[in-house]
Structure formats: C-alpha cells, structure tokens
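Peer 1: got a predicted structure here, sequence first:
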Amino acid sequence: QVQLVESGGGLVQAGGSLRLSCAASGRTFSIYTMGWFRQAPGKEREFVAAIVKSDGNTYYATSVKGRFTISADNAKNTVYLQMNSLKPEDTAVYYCAARNGGSRVYSHPTSYDYWGQGTQVTVSS
C-alpha cells in the first residue's frame, strides 16, 4: 500500500502563486507515475499534471501548461506542484495520485491506484 498526504493549499489572490506538496509513504518503490488532479464543486475530477518517477517525464493539461510545474524529489518521496499566475478558475480541491507500474504518463483518474485526501486551493478575483 501507498499513503499520500497533500499540503500547501490555501487562499490566494488572482495572479498569485502556491506550491502544493505530496508526501508518499509505504511501498513507494512500486510507484511509476505520480499525478495531480483537481475537482471543483459540481464538476468531474480533472487531470492537472503528472510525472514519471524514474525519468522525470512530465505531462500537463492544456489549461495549466506554462503556469504550473510538477517536480519530484525521489529521495524524499515527495512530488510538488508549483502553481503560478493563478486564476479564479483554478479554484478546486487538488488531489495527489500515484500509479503502480506502467510505461508512459497517465492522465485519466482511473489509471491511478492511490489517492490523497485533497487540499483546497481558492483563488479570489
């Protein structure tokens, strides 16, 4: 099993920045890809970004490309999401996810095996 704990959410004004962290524990050696998803009230959970643990390959949703950066510190089993130029439409609960095994970057929620509890990000206009 893998446990994921997110932190770093909060309230920020439009144009501001936040950095989310996701600390993994347990059978972390089995993790192939880690991703960030978000879910706004009344909407489906959507992909934000993902990173392959072994080679650092990354993939971003079009809506965040150029503003968000995903990175990983494998020694700390931690993944980060640096969010810049935040917009009110970025407001959501942000979830960290991890997938065992694989061969590419995955962007669908059903491709992930483990999930964190979520952290709220609110961007005011």
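Peer 2: Thanks, I have the structure now.
Peer 1: can you pull the contacts of the residue positioned nearest the centre of the chain?
Peer 2: The centroid of the chain falls nearest to residue 36 when counting by Cα atoms, centre = their mean (2.0 Å). Going by Cβ atoms under 8 Å, 6 or more residues apart in numbering, residue 36 touches 20, 22, 48-50, 70, 79, 81, 94-97. (Each C-beta comes from the backbone N, C-alpha and C, glycine too.)
Peer 1: turn these into CSV, columns for secondary structure and distance to residue 111.
Peer 2: Putting these into CSV (DSSP: H, G, I helix; E, B strand; the rest coil; distance: Cβ to Cβ, whole Å) gives the following:
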residue, secondary structure, distance to residue 111
20, strand, 20
22, strand, 17
48, strand, 14
49, strand, 14
50, strand, 9
70, strand, 16
79, strand, 16
81, strand, 18
94, strand, 18
95, strand, 14
96, strand, 14
97, strand, 9
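Peer 1: adding pLDDT, write the residues you listed out as CSV.
Peer 2: Formatted as CSV, those follow (pLDDT from 0 to 100):
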residue, pLDDT
20, 98
22, 97
48, 98
49, 98
50, 97
70, 98
79, 97
81, 98
94, 98
95, 98
96, 98
97, 97
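Peer 1: and which of those residues is nearest residue 5?
Peer 2: residue 22 (7.0 Å; Cβ to Cβ).
Peer 1: I figured residue 121 hits residue 16, correct?
Peer 2: No - using Cβ atoms under 8 Å, residue 121 makes no contact with residue 16, being 10.6 Å away.
Peer 1: which residues do the two both contact?
Peer 2: The contact lists of residue 121 and residue 16 share residue 86, where a contact means Cβ under 8 Å, 6+ apart.
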